[in-house]
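Novice: show me how the following folds:
(one chain, ligands or ions: 2)
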Amino acid sequence: MSGIRQRAIDACYEQALKSYHEGGLPIGSTLTRGDEIIAVGHNRRVQQGNPILHGEMDCLQNAGRQTSYRDCTLYTSLSPCMMCSGTIVQFKIPHVVICENRSHLREPQFRRERAVPARSWRCRRHRRRSPLHRIDGALHCRERRAMGGRHRRLNRTRLSLANPGAARHGNGMIIAVDGPTASGKGTIARALAAHFGLPHLDTGLLYRAVGRQCALNGGNPDDPADARAACTFPDSLLDDPELRSEATGGLASRVSIHSDVRKALYERQRSFATQPGGAILDGRDIGTVIAPEADAKLFVTASVEARAERRHSEMLEQDRAVSIEDITADLAARDKRDRTRKDSPLVVAEDALVIETSGLRREEAIAAAIAAVDALLAEHR
Ligand SMILES: Nc1ncnc2c1ncn2[C@@H]1O[C@H](COP(=O)(O)OP(=O)(O)OP(=O)(O)O)[C@@H](O)[C@H]1O
Ligand SMILES: Nc1ccn([C@H]2C[C@H](O)[C@@H](COP(=O)(O)O)O2)c(=O)n1
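Specialist: Residues are numbered from 1 along each chain as shown. Ligands and ions are numbered 1, 2, ... in the order given. Sure thing, here's the model as predicted:
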C-alpha cells in the first residue's frame, strides 16, 4: 500500500482512539491531497454536545476552506452517514476510503448513485475484490484483515456507546438465530448483522470444520473419541470451500451429537456472543444454550419441500447434479438427528419469535426478521 494511504488510515485510527479516550464515539477521519495529510478530525458529538460534529465533518472543518477538493481523498474509519455522504457530494470530493464497513454499512446506494467512488479493496495476491472492506491499495488478504480488524474492534465499541438499547447487558446486544438446515437462517443472520451493525458468527461452520477434520484424520464421525480429536482443527480450515458441501453438512450433523464436541466448541461461541458491542450468531442452540440471555431470538423455519428446492437450486447453480429426492431424504435425516439428539437438540426457545419462510422471498423474510427483532427489542425497553 502506498505510504500516504497507510499514514492516512493510521491517522483515522489514532483519531478514533482519541475520541474514545475523550469519552466520545470512536470514529476518525483524514483528508489528503497528493502525499500530504491536510487535516484530521474525529467525532465530537458527545464531547461538544454537537449533533452534527461527525468525524468527517470535524476533519473538513479542521481543513478550513479549500478552493477545490478535486485532488483530495477523504478517509474515514467507518462508513459515512447520509449527512457526511451529502457533504462529500456537495464538496465534490472524488475519492472516499472507508477503513471498515462490516460493522456498519451506510448509504452505499446514495454514494453510488451520485458517483462517489468509495474505493474497494483488492487482494494483491489473490486479485479478489472485497465488497465489504474498502481499504484501498495493494494489500494481501491477511494484511487487510489486520488493518480492518483494529478499526472493526473500535467500531464495535462505538455500537455499544451509541446505542443504549444495545448495552442492555452492559455487553451489547445479542441476537440469536436458530433453525433447521437450509431454512434461510444464515441469509437472515447476515442481513441482520449488516442492518444492526453487529459481527456475525455462523456456528454451523465450526461443526462443519470438526466433521471435515474428522474425515481428514480418517476418523469415524459417529465415534465420540474420533470426533473429539477433530475439535483441534486449525483455523485455516474454516476457509476450506469443502466445508460448504452437503457431504460435510452431513458429517457436521453426525459429530454434533457428541457432548464432548459441543463442550469443546462452547467457549468459542460464548465469547463471540458476549464480546463488547454485541453479536449475532446463527445455529441450532444459540437461543437455548449458547446465549440464553439474548436480547432477541428468532427461530427461522421452512417446510422440507421449500428447503429441498432451495438446496437443489443452489446445486444446479454450481453445476452439481443431485436429485431433489436425495436432497429431501438427506434434509429429513439431518433434521431428525439435530432435533432428537440428547445434548442441545434443535428446539424453539420459549421466548423466540418463529419466522416461517416457505412462502416468503428472501427480501420478505429479511424484512420480517428485522421487524421481529425491532419488536422484541421494543418489548425489552
Ligand atoms: N426466503 C428465501 N426464499 C428463497 N430462497 C432462500 C430464502 N432464504 C434463503 N434462501 C436460499 O436458500 C439457501 C439456503 O439458505 P441459507 O444458507 O441462508 O440457509 P441456512 O439455514 O443458513 O443453511 P445451513 O443450514 O446450510 O447453514 C441459499 O441458497 C439461500 O440463498
Ligand atoms: N449451533 C449449531 C450449529 C450447527 N450444528 C450442527 C448441526 C447441523 O446439522 C450441522 C451443520 O450446520 P449448518 O451449517 O447446516 O447450519 O452442525 C449444531 O449442532 N449446533
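Novice: C-alpha only now, for contacts and for neighbours.
Specialist: Will do.
Novice: give me the pLDDT for the residue of the stretch 251-381 of the chain found nearest ligand 1.
Specialist: As assessed by CA to the nearest ligand atom, ligand 1 sits closest to residue 362 within the stretch 251-381 of the chain, at 3.6 Å. With respect to pLDDT, residue 362 scores 94.
Novice: what's the distance between it and residue 194?
Specialist: 15 Å (CA to CA, to the nearest Å).
Novice: can you list the residues of the stretch 151-300 of the chain near ligand 1?
Specialist: 180-187 (CA under 6 Å from any ligand atom).
Novice: make JSON lines out of those residues and add distance to ligand 2, pLDDT and neighbour count.
Specialist: Below are these laid out as JSON lines (distance: CA to the nearest ligand atom, whole Å; pLDDT from 0 to 100; neighbours: other CA atoms under 10 Å):
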{"residue": "180", "distance to ligand 2": "7", "pLDDT": "96", "neighbour count": "25"}
{"residue": "181", "distance to ligand 2": "5", "pLDDT": "95", "neighbour count": "25"}
{"residue": "182", "distance to ligand 2": "7", "pLDDT": "94", "neighbour count": "20"}
{"residue": "183", "distance to ligand 2": "9", "pLDDT": "96", "neighbour count": "25"}
{"residue": "184", "distance to ligand 2": "10", "pLDDT": "96", "neighbour count": "23"}
{"residue": "185", "distance to ligand 2": "8", "pLDDT": "97", "neighbour count": "28"}
{"residue": "186", "distance to ligand 2": "8", "pLDDT": "97", "neighbour count": "23"}
{"residue": "187", "distance to ligand 2": "11", "pLDDT": "97", "neighbour count": "15"}
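Novice: which of these lies closest to residue 269?
Specialist: residue 186 (15.7 Å; CA to CA).
Novice: residue 354 belongs to a helix?
Specialist: No: Residue 354 sits outside any helix when classified using DSSP: H, G, I helix; E, B strand; the rest coil, being strand.
Novice: can you classify the closest residue in space to it that isn't next to it in sequence by secondary structure?
Specialist: Nearest-residue entry for residue 354: residue 299, 4.6 Å, with adjacent residues in sequence omitted and distances by CA to CA, 6 or more residues apart in numbering. The three-state label given to residue 299 by three-state DSSP is strand.
Novice: can you put the residues of the stretch 151-300 of the chain next to ligand 1 in CSV and add secondary structure?
Specialist: Listed next are those as CSV, based on three-state DSSP:
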residue, secondary structure
180, coil
181, coil
182, coil
183, coil
184, coil
185, helix
186, helix
187, helix
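Novice: show me what contacts the residue nearest to residue 354?
Specialist: 177-179, 348-349, 352-355 (CA atoms under 8 Å, 6 or more residues apart in numbering).
Novice: what segments of the stretch 101-250 of the chain are helices?
Specialist: 108-113, 141-162, 185-196, 204-216, 224-229, 246-255 (DSSP state H, counting those that start in this stretch).
Novice: pick out the shakiest of the ones you listed, pLDDT-wise.
Specialist: helix 141-162 has the lowest average pLDDT among the helices of the stretch 101-250 of the chain, namely a mean of 54.
Novice: run through this protein and note the low-pLDDT ranges.
Specialist: Flagging of the chain using pLDDT under 70 yields the residue ranges 1-2, 100-171, 379-381.
Novice: so between residue 362 and residue 194, which is more surrounded?
Specialist: residue 194 (18 against 14; other CA atoms under 10 Å).
Novice: on the three-state scheme, residue 75 is what?
Specialist: Residue 75 is classified as strand under three-state DSSP.
Novice: mind listing what it touches?
Specialist: 8-9, 12, 29-32, 96-99.
Novice: tell me what it is bridged to.
Specialist: Here residue 75 sits in beta bridges with residue 30, residue 97, going by DSSP bridges.
Novice: now the residue sitting furthest away from the middle of the chain: how far from residue 92?
Specialist: Distance from the C-alpha centroid of the chain, by CA atoms, centre = their mean, peaks at residue 67 (39.7 Å). Between residue 67 and residue 92 the distance, using CA to CA, works out to 11 Å.
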